[in-house]
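Colleague: I would like the atomic coordinates for the input below:
(one chain, ligands or ions: 1)
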Amino acid sequence: MFLRIDHIGIACHDLEKQIELFSRTFELTVVVREVNEEQGVKEAMLHIADGEGGGSYIQLLEPLSEDSPVGKFLAKRGEGVHHVAFGVPDVADAMAKIGEKGVRLLDERPRHGSMDSLIAFLHPKDVGGMLTELVQSAKPSQNG
Ligand code: MC0
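Modeller: Residues are numbered from 1 along each chain as shown. All right, here's what the predicted structure looks like:
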């Protein structure tokens, strides 16, 4: 079902500060910066490698408001890993297959994600405490 790890999403208070830390420490390059109003985040994608069906990235996330998913996460748990995203060939197909297994889907239909991907989230309580995202990439890879 999974092609690769698409990205690890990391919640932070200050996107620019965290970009500086990750770029300097791991010598990663920011390939995309976006604001996703629907998800309530300002984000940056730092390219790691290319894999089957797309690239893999560190995704840094700053909330647009305190009552957004990432805003609430930061208030409750502080900065750190927010979610793990897996690349899938077809997000609607993966949602149907996973939903049939009794895992709660947080989205009824695929939504707009980073770099024109299609995404859907699974409830963390049904996946061992890990907020899980499914990603269908728009392009095979984007590494800047
Ligand atoms: C909450 N919980 C988590 C969690 N967030 N567990 C693991 N990882 C997380 N990130 C746990 C809480 O501790 C709580 O457990 C339980 O789940 C319910 O959480 P809550 O605080 O009562 O409820 P909410 O209202 O904060 O909702 C949590 C939920 C929500 C995961 C349902 O954040 C959501 O729908 N997330 C999906 C969308 C999202 O995260 N978007 C931002 C990234 P206890 O034991 O205390 O009951 S957007 C993104 O990443 C896009 C742009 C992209 O990749 O392209």
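Colleague: list the neighbouring strands of the helix or strand His82 falls within plus their orientation.
Modeller: For His82, the host element (DSSP states H and E) is strand 80-87. Taking DSSP bridges as the criterion, strand 80-87 forms sheet pairs with strand 4-11 (antiparallel), strand 132-136 (parallel).
Colleague: can you tell if it touches the ligand?
Modeller: Yes: contact of strand 80-87 with the ligand (C-beta under 6 Å from any ligand atom) involves His82, His83, Ala85. (Each C-beta comes from the backbone N, C-alpha and C, glycine too.)
Colleague: quick check, nearest of these to Met1?
Modeller: Ala85 (13.5 Å; C-beta to C-beta).
Colleague: neighbours of the nearest residue to that closest one once chain neighbours are set aside, how many?
Modeller: Nearest residue to Ala85 in three dimensions, chain neighbours excluded: Glu133, at 3.8 Å (C-beta to C-beta, 6 or more residues apart in numbering). Glu133 is flanked by 24 other residues according to other C-beta atoms under 10 Å.
Colleague: for beta bridges, what are the partners of Glu133?
Modeller: Beta-bridge partners, per DSSP bridges, of Glu133: Ala85, Phe121.
Colleague: can you verify my assumption that it contacts His123?
Modeller: No: the criterion here is C-beta atoms under 8 Å, and Glu133 misses it with His123 at 11.6 Å.
Colleague: tell me what angle the top helix by length along the chain forms with strand 4-11.
Modeller: Secondary structure of the chain per DSSP state H: the longest helix is helix 15-26. Orientation of helix 15-26 against strand 4-11 (axes from the mean of the first three to the mean of the last three C-alpha atoms, to 10 degrees) gives an angle of 130 degrees.
Colleague: what residues does the chain put near the ligand?
Modeller: Counting by C-beta under 6 Å from any ligand atom, the chain sits next to the ligand at 9, 36, 39, 41, 43, 59, 61, 69-70, 72-73, 82-83, 85, 106, 113-114, 119, 121, 124-125, 129, 131, 133.
Colleague: narrow the residues you listed to those in helices?
Modeller: Going by DSSP H, the helices hold Pro69, Val70, Lys72, Phe73 from these.
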